[in-house]
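Below: sequence and its predicted model.
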Amino acid sequence: MVGVVGAGAMGAGIAQLAALAGHKVRLFDTRPDAAQRAIEGTVAAVEMLVAKGRLAEEQVAGVRTWMSAANSLEDLTECGLIVEAIVENLQAKQALFRSLEEITDADALLATNTSSISITSIASALKTPDRLLGMHFFNPAPVMPLVEIISGVATSRAAAATLYATAKAWGKIPVYAKSSPGFIVNRVARPFYAEALRVLNEGGSDCVTIDAILREAGGFRMGPFELMDLIGHDVNYAVTRSIFDAFYGDSRFTPSLLQLELVEAGFLGRKSGRGFYSYGNNKIAVFPQTSSPSTKPDRVRIFGVGHLADAFARRLGDLSVAYERIAKLEDGRLAEADEAVLYPSDGRTATARAQANGVANTILVDLTLDACTATRLAITRSDTCSASAFASAIGLLQAAGYCVSEIDDIPGMVVLRTVAMLANEAADAVNQGVCNVADCDLAMRKGVNYPAGPLEWADKLGLEAIVETLDNLRAAYGDTRYRVSPLLRRKALTRATFHEMET
């Protein structure tokens, strides 16, 4: 038998999962009739899934039979597993688990669905802390596949293994994590929001264009600003602030003043009708900055080999655009369009790159998940670049079938700096024993729908390129925020990959 404490959206979703897996479930909430209403809502939800052909009728019958409302905590005495989904407050959770510890058998597992509170801290209030651990579902629990199984300092390995097997039996994808600020997903995801907020704050581009670049070039399902609006800025800011505080003010997790302003104004996103975007009756149509059509250059040359050069060549060839293929040059240029010279971004500004290479008409191209299929590219130009050269570069990229978004000349552009920081944070989580490489990548793909695991993406790009980008960002900003994880630098020096490390 499974007990669930807290009949909100998350608790009801967890109860639904357990019932569909064949467990008798008792749902408790301190609010009068809240548990019964949640059960009725769950039954209605699964009946709708039956009507759509997604569940079998016998599964719904099981849910009706196996779910019941508990009148008090004492009704959970016989449960072998109790999952807590109450308010995110340490004292409230400790008090609840102290009560549950007194009324349950010694071998019953106690699990918290906390997204940010230390498992070790919660368990410290118990006489038997070895049987308490984290079982962090993602909202909505019946839909999102990932579950983080989090061990505190005192959690027994047997308890973690049992809960892992339970999550798997419920049809979920579990990953192991050590109790540390943010666990895996909420920690590693911080740069996805933080770098976009920094680009916006520096005037690099507007929020709709940054979102479009990360979706259409980076392959992310949602851009960071629309995702923060969906999550709620009060929630997203609070998570960032809690992780920042838990890491004693580490600059990698510095909260954004832009987001704080939205929170203080009550502009919390979709739920309040306004965030970075407007919603409901106040909705305003917004469009990303996209360059106007430009004339195709007379002379096009593509340099070297590699995914980006090959993708350019393929796309130009598919559209019958003439080009010349040239051996790689020492300055790492990607292409020439008349007098314009295009380089892949490496964390420096275009202006710094122009000075280093002695090429006035320098244009940088941002990273893509897959340059063959991407529909948009972000580019920037050096302060010394002429208008005609820039127009030629735009014409080249448009001839290759891309929508082009010009951003200001900021270090690392948009996708590159985001991916580099995600990979760096993932590497640090592995380095600190929070998780292993495979679970880290799996968690980010299944927990927040990233198009690739951060370490998988880093392996594909080359760890040396990620390190170079981070070093260049740190030099440009003078900020320890961009310091390289020791594990990432070590792997780059040995020319290894993260996934080789685990084989």
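Happy to help now that I have it.

what number of residues lie near residue 341?
26 (other Cβ atoms under 10 Å). For the C-beta atoms, the positions are set from N, CA and C on the backbone; glycine is no exception.

Could you tell me which strands the host helix or strand of it is paired with, and in which direction each runs?
Assigned by DSSP states H and E, residue 341 belongs to strand 340-344. In the sheet, strand 340-344 lines up against strand 335-337 (antiparallel), strand 362-365 (parallel) (DSSP bridges).

Give me the mean pLDDT for the last one.
In other words, strand 362-365. What strand 362-365 shows for mean pLDDT is 98.

quick one: contacts for residue 455?
Each residue near residue 455 by Cβ atoms under 8 Å, 6 or more residues apart in numbering is listed here: 423, 426-427, 430, 437, 440-441, 498-499.

filter these to the buried ones?
Among these, those classed as buried by neighbour count (16 or more other Cβ atoms under 10 Å) are 423, 426-427, 430, 437, 440-441, 498.

Dump the residues you listed to TSV, plus pLDDT.
Shown next, in TSV, are the buried ones among the contacts of residue 455 (pLDDT from 0 to 100):
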residue	pLDDT
423	98
426	98
427	98
430	97
437	97
440	98
441	98
498	93
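
and which of those is nearest to residue 173?
residue 441 (11.9 Å; Cβ to Cβ).

Please identify the nearest residue in space to the closest one, excluding sequence neighbours.
residue 453 (2.3 Å; Cβ to Cβ, 6 or more residues apart in numbering).

what's the answer for residue 417, then?
Once flanking residues are discounted, residue 417 sits nearest to residue 195: 5.2 Å by Cβ to Cβ, 6+ apart.

what helix or strand is that neighbour on?
With DSSP H and E as the test, residue 195 turns up in helix 190-201.

mind saving the C-alpha coords of that helix as PDB?
Extracted in PDB, the C-alpha atoms of helix 190-201 (Å, rounded to 0.1, in the frame of the first residue of the first chain):
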ATOM      1  CA  ARG A 190      20.300  27.300 -14.100                       C
ATOM      2  CA  PRO A 191      22.500  28.500 -17.000                       C
ATOM      3  CA  PHE A 192      19.600  28.000 -19.500                       C
ATOM      4  CA  TYR A 193      17.800  30.900 -17.800                       C
ATOM      5  CA  ALA A 194      20.800  32.800 -16.400                       C
ATOM      6  CA  GLU A 195      22.700  33.300 -19.700                       C
ATOM      7  CA  ALA A 196      19.600  34.400 -21.600                       C
ATOM      8  CA  LEU A 197      18.800  36.900 -18.800                       C
ATOM      9  CA  ARG A 198      22.400  38.200 -19.000                       C
ATOM     10  CA  VAL A 199      22.200  38.600 -22.800                       C
ATOM     11  CA  LEU A 200      18.900  40.500 -22.400                       C
ATOM     12  CA  ASN A 201      20.300  42.600 -19.600                       C
END
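
Next, the angle helix 190-201 makes with the helix or strand following it.
Next in sequence after helix 190-201, counting helices and strands by DSSP H and E, comes helix 207-216. On the basis of axes from the mean of the first three to the mean of the last three Cα atoms, to 10 degrees, helix 207-216 is oriented at 140 degrees to helix 190-201.

What score does the most centrally placed residue in the chain have for pLDDT?
Closest residue to the average C-alpha location of the chain: residue 189 at 4.0 Å, with Cα atoms, centre = their mean. The score at residue 189 is 98. That number is its pLDDT.

what's near enough to touch it?
Residues in contact with residue 189 (Cβ under 8 Å, 6+ apart) are 422, 444, 448.

what about it, distance to residue 57?
Distance, residue 189 to residue 57, by Cβ to Cβ, to the nearest Å: 39 Å.

try residue 161
Taking Cβ to Cβ, one finds residue 161 at 34 Å from residue 57.

Who has more neighbours out of these two?
Using other Cβ under 10 Å as the criterion, residue 161 and residue 57 rank with residue 161 on top: 12 against 9.

Secondary structure of the more buried one: a helix, I assume?
Yes - according to DSSP: H, G, I helix; E, B strand; the rest coil, residue 161 belongs to a helix.

i'd like the first residue to be 27 from this point on
Happy to do that; since the first residue is 27 now, the last one works out to residue 187.

Quick check: the gap between it and residue 181.
For residue 187, the distance to residue 181 equals 11 Å [Cβ to Cβ].

per-residue confidence averaged over the stretch of helix or strand residue 517 belongs to?
According to DSSP H and E, residue 517 maps onto helix 512-519. In this model, helix 512-519 carries a mean pLDDT of 96.

and the helix or strand following that helix, what does it pack onto?
Sequence order places helix 524-527 as the next helix or strand after helix 512-519, per DSSP H and E. Counting contacts by 3 or more Cβ pairs under 8 Å, 6 or more residues apart in numbering; DSSP states H and E, helix 524-527 packs against helix 463-473, helix 480-487.

quick one, helices of the stretch 127-276 of the chain?
145-149, 183-195, 211-214, 216-227, 233-242, 250-257, 259-272 (DSSP state H, counting those that start in this stretch).

Can you say which of those helices is nearest to residue 372?
helix 216-227 (15.9 Å).

Which positions in the closest one come out as buried?
216-226.

Pick the one among those closest to residue 54.
Looking across these and measuring by Cβ to Cβ, the closest to residue 54 is residue 216, at 33.8 Å.

isn't the closest one right up against residue 266?
Yes - assessed by Cβ atoms under 8 Å, residue 216 is found in contact with residue 266 at 6.3 Å.

Now the common contact residues for those two.
What both residue 216 and residue 266 touch, as defined by Cβ under 8 Å, 6+ apart, is the set residue 279.

Residue 256: how many residues sit nearby?
Neighbours of residue 256 (other Cβ under 10 Å): 13.

Are we agreed that residue 415 is in a strand?
No - the assignment for residue 415, made by three-state DSSP, is helix rather than a strand.

Now do the contacts for it.
By Cβ under 8 Å, 6+ apart, the residues touching residue 415 are 363-366, 387, 389, 407.

Low-confidence stretches in the stretch 77-226 of the chain?
The stretch 77-226 of the chain contains no residues with pLDDT under 70.

Quick check on the nearest residue to residue 272 once chain neighbours are set aside: phi, psi?
Leaving aside its sequence neighbours, residue 272 sits nearest to residue 207 (Cβ to Cβ, 6+ apart; 3.6 Å). Per-residue torsions, residue 207: phi -50, psi 120 (degrees, to the nearest 10).

so residue 207 touches residue 266, yeah?
No - counting by Cβ under 8 Å, residue 207 stays clear of residue 266, with 10.7 Å between them.

host element of residue 355?
Judged by DSSP H and E, residue 355 forms part of no helix or strand.

ok, now which ones touch it?
329-330.

Go again with 10 Å.
Residue 355 makes contacts with 329-330, 362, 367, 383, as judged by Cβ atoms under 10 Å, 6 or more residues apart in numbering.

With residue 498 instead?
Contacts of residue 498 by Cβ under 10 Å, 6+ apart are 371-375, 378-379, 437-438, 443, 446, 508.

From residue 451, how far out is it?
18 Å.

Check residue 319 too.
Counting by Cβ to Cβ, the gap from residue 319 to residue 451 is 39 Å.

Then residue 330?
For residue 330, the distance to residue 451 - Cβ to Cβ - is 30 Å.
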